[in-house]
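> This is the structure alone, sequence omitted:
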């Protein structure tokens, strides 16, 4: 499975960005987004099952971020609204071969490269 993340950029606080994660099309069980700010550990942002029947969000992103998937082009999206300076980080998409939604990065088998999101105050 190959994952390709894109869509990062610079935005003012309160703005929106949409990240994309294109995969090679092989079926996985869960696709998630994580982020890592400078000097901090990687943290869970959002996840969804491949079938789309379950979604999960970190408390810090709930109500502002939305994860979704387009089956036509094997792409997972992360719509980020009402962005805050503390959302500034490199964002990574990840996938699990099997199993349900988990929030620990060590349980993911495949990773895309990071895409940088910068939110200015």
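Done, it's in. From a predicted model like this one, the values you see are computed outputs, not experimental measurements.
> Report the separation between the spatially most central residue of the chain and residue 115.
The residue lying closest to the centre of the chain (C-alpha atoms, centre = their mean) is residue 33, at 2.3 Å. Going from residue 33 to residue 115 by C-beta to C-beta, to the nearest Å gives 10 Å. C-beta: built from backbone N, CA, C; applies to glycine.
> Give the residues shared as contacts by those two.
Residues touching both residue 33 and residue 115 (C-beta atoms under 8 Å, 6 or more residues apart in numbering): 19, 91, 92.
> number of nearby residues for residue 61?
Neighbourhood size, residue 61 [other C-beta atoms under 10 Å]: 20.
> what residues are up against it?
By C-beta under 8 Å, 6+ apart, the contact list for residue 61 reads 45, 46, 80, 87.
> Now, the residues you listed that are in strands?
In strands, defined here by DSSP state E, the members of these are 45, 46, 80.
> ok, these vs residue 14, which is closest?
Comparing those against residue 14 with C-beta to C-beta places residue 80 closest, at 11.4 Å.
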